[in-house]
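Chemist: Compute the structure for the input listed below.
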Amino acid sequence: MVLMVTADHGPAVSGAHNTIVAARAGKDLVSSLVSGLLTIGPRFGGALDDAARMMSGAVDKGMDPLTFTKEMRKENKLIMGIGHRIKSLDNPDMRVVIIKDFAQKHFPSNACLDFALGVEQITTSKRANLILNVDGCIAVCFVDLMRTCGAFTREEADEVRPCLEPSLRCRAGLLRCRAELLRILWAVARDSPLSTPTRTQLIENGCLNGLFVLGRSIGFIGHYLDQKRLKQPLYRHPWDDISYITGEM
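Modeler: From the prediction side, this is the model:
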């Protein structure tokens, strides 16, 4: 489900745009895909690990959503997993709705999800687009899943938090861990434990961000193939969008 809902969100986002531009410049599939993947970070698709750390950490400390929100504001920190440029209370993100409804119906516990939804109630009272976004929803639901599915001990599940900030090391790790990520998803589906080295490697390499990377790669490849199929020419950005000189020239 996560791979399906993260596969694509249109050509306007940074990653898809880069992939399309590279494809129309005559680059090959891998180069175009990588140009899109390199835009994934804290502002686009790369907030899952930090959202999981923030939300689960607050839950474990016994904090309520209001106290947590005030503390983040006092420390002048962004709440990762909250906010969307386009989606809002009046224009909800159906990807979030699908994941949230599934988790509430099927997961044994929704402690982190419930906390995140409590935070959303507070943030959206300030601005309607400060919703729980798809990164945040996947992150908290995955923490709930890892803690309660039976495939991990609590200590193993909590190893999700060492990958704190995006870095070149973490990004490189994301690209290396796709095959291992499929192994963890398969183990969860079968309710069978993985070896400790496999679990530790996955978490330290950015397991949760890897979910987005893996899913969105499908969409980027689709955009690349579309450009090739349609034989699109070299992309040139609209002049009126970049010109800062007014008047006749």
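
Chemist: How far away from the center of its chain is the longest helix along the chain?
Modeler: If you go by DSSP state H, the chain has its longest helix at helix 207-229. Chain-centre distance of helix 207-229: 13 Å, with Cα atoms, centre = their mean, to the nearest Å.

Chemist: can you pull the buried residues of it?
Modeler: 207-217, 219-221, 223-224, 227 (16 or more other Cβ atoms under 10 Å). C-beta: built from backbone N, CA, C; applies to glycine.

Chemist: Now do that helix: which elements does it pack against?
Modeler: helix 2-5, helix 14-24, helix 29-37, helix 48-60, helix 134-148, helix 168-176, helix 178-190 (3 or more Cβ pairs under 8 Å, 6 or more residues apart in numbering; DSSP states H and E).

Chemist: Let me know which of the ones you listed is the nearest to residue 77.
Modeler: Across the helices and strands packed on helix 207-229, residue 77 has its closest neighbour in helix 48-60 (8.5 Å, Cβ to Cβ).

Chemist: helices and strands around that closest one, which ones?
Modeler: Helix 48-60 packs on helix 111-124, helix 134-148, helix 207-229, going by 3+ Cβ pairs under 8 Å, 6+ apart.

Chemist: Beyond the longest helix of the chain, next helix or strand please.
Modeler: Downstream of helix 207-229, the next assigned helix or strand under DSSP states H and E is helix 239-242.

Chemist: Counting by contacts, list what that following helix packs against.
Modeler: Against helix 239-242 (3+ Cβ pairs under 8 Å, 6+ apart) you get no helix or strand.

Chemist: for that helix, what is the average pLDDT?
Modeler: Mean pLDDT, helix 239-242: 84.

Chemist: And that helix, how far out from the chain middle?
Modeler: 31 Å.

Chemist: Residue 29 reaches residue 221, doesn't it?
Modeler: Yes: contact status for residue 29 versus residue 221: in contact at 6.9 Å, counting by Cβ atoms under 8 Å.

Chemist: need the helices and strands packed on helix 48-60 in JSON lines with mean pLDDT, can you?
Modeler: Shown next, in JSON lines, are the helices and strands packed on helix 48-60 (pLDDT from 0 to 100):
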{"stretch": "helix 111-124", "mean pLDDT": "97"}
{"stretch": "helix 134-148", "mean pLDDT": "90"}
{"stretch": "helix 207-229", "mean pLDDT": "93"}
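
Chemist: Could you point out which of those sits nearest residue 6?
Modeler: helix 207-229 (3.2 Å).

Chemist: Just the C-alpha atoms of that closest one, please, in PDB.
Modeler: The C-alpha coordinates for helix 207-229 follow below in PDB (Å, rounded to 0.1, in the frame of the first residue of the first chain):
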ATOM      1  CA  CYS A 207      14.500   2.500   6.400                       C
ATOM      2  CA  LEU A 208      11.500   4.800   6.500                       C
ATOM      3  CA  ASN A 209      12.800   7.300   4.000                       C
ATOM      4  CA  GLY A 210      13.600   4.200   1.900                       C
ATOM      5  CA  LEU A 211       9.900   3.500   1.700                       C
ATOM      6  CA  PHE A 212       9.300   6.800  -0.100                       C
ATOM      7  CA  VAL A 213      12.400   6.400  -2.300                       C
ATOM      8  CA  LEU A 214      11.400   2.900  -3.400                       C
ATOM      9  CA  GLY A 215       7.800   3.900  -4.200                       C
ATOM     10  CA  ARG A 216       8.500   7.200  -5.900                       C
ATOM     11  CA  SER A 217      11.200   5.600  -8.100                       C
ATOM     12  CA  ILE A 218       8.300   3.800  -9.900                       C
ATOM     13  CA  GLY A 219       6.700   7.200 -10.700                       C
ATOM     14  CA  PHE A 220      10.000   8.700 -11.800                       C
ATOM     15  CA  ILE A 221      10.600   5.900 -14.200                       C
ATOM     16  CA  GLY A 222       7.000   6.300 -15.600                       C
ATOM     17  CA  HIS A 223       7.700  10.000 -16.200                       C
ATOM     18  CA  TYR A 224      11.000   9.100 -18.000                       C
ATOM     19  CA  LEU A 225       9.200   6.600 -20.200                       C
ATOM     20  CA  ASP A 226       6.400   9.100 -21.000                       C
ATOM     21  CA  GLN A 227       8.900  11.600 -22.300                       C
ATOM     22  CA  LYS A 228      10.700   9.100 -24.400                       C
ATOM     23  CA  ARG A 229       7.400   7.700 -25.800                       C
END
